[in-house]
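Asker: what's the 3D shape of this:
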Amino acid sequence: VQLVESGGGLVQPGGSLRLSCAASGFTFSNYYMSWVRQAPGKGLEWVSDINSGGDRTDYADSVKGRFTVSRDNAKNTLYLEMNSLKPEDTALYHCARHPKPDSTLYEYDYWGQGTQVTVSS
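Answerer: Below is the predicted model of the structure:
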């Protein structure tokens, strides 16, 4: 199993970024997936979930209305579209796999190495 994130970078407040997570080594379409972030000096923060079919999503209150999670099961890729970015969105963003649909943050079984997002003027 491998999860590889990309798309991070430096962006000004109010800007946008699109993160990708390329999955391999398992049947991607069978699994719920999540985005999780870790800001400098802080713990892990769950950001968003998406079900295996891509038609149900959930978001942390801190990103609701600004971030959109999606997936392309034909391409084995998970996405996170981030708009209206704020300095407090600065973090290392990871994608992670749910071993079961109702898995929570510390139960995710595979994680990517993360992609850094920095929001600063």
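
Asker: what count of nearby residues applies to residue 30?
Answerer: 9 (other CB atoms under 10 Å). The way it works is simple: take the backbone N, C-alpha and C, and place the C-beta from them, glycine included.

Asker: typo on my end, residue 61
Answerer: Residue 61: 6 neighbours (other CB under 10 Å).

Asker: and residue 88, which of the three is it?
Answerer: helix (DSSP: H, G, I helix; E, B strand; the rest coil).

Asker: which pLDDT value belongs to it?
Answerer: As predicted, residue 88 sits at a pLDDT of 96.

Asker: for the one 3 residues further on, same thing?
Answerer: Looking at residue 91, its pLDDT reads 98.

Asker: next one: residue 102
Answerer: pLDDT at residue 102 comes out at 89.

Asker: and it, how far from residue 114?
Answerer: Per CB to CB, to the nearest Å, residue 102 is found 24 Å from residue 114.

Asker: and residue 14, by the same measure?
Answerer: Residue 14 is 23 Å from residue 114, by CB to CB.

Asker: of those two, which one has the most company?
Answerer: Neighbour comparison, residue 14 and residue 114: the larger count goes to residue 114, with 18 against 11 (by other CB under 10 Å).

Asker: next up, the contacts around the more buried one.
Answerer: Residue 114 makes contact with 5, 38, 92, 93, 94, according to CB atoms under 8 Å, 6 or more residues apart in numbering.

Asker: what residue lies at the spatial centre of the chain?
Answerer: residue 35 (2.5 Å; CA atoms, centre = their mean).

Asker: wait, is it part of a strand?
Answerer: Yes. Assessed by three-state DSSP, residue 35 belongs to a strand.

Asker: excluding chain neighbours, what is closest to it?
Answerer: residue 47 (4.2 Å; CB to CB, 6 or more residues apart in numbering).

Asker: for residue 60, what are its contacts?
Answerer: By CB under 8 Å, 6+ apart, the residues touching residue 60 are 45, 46, 47, 48.
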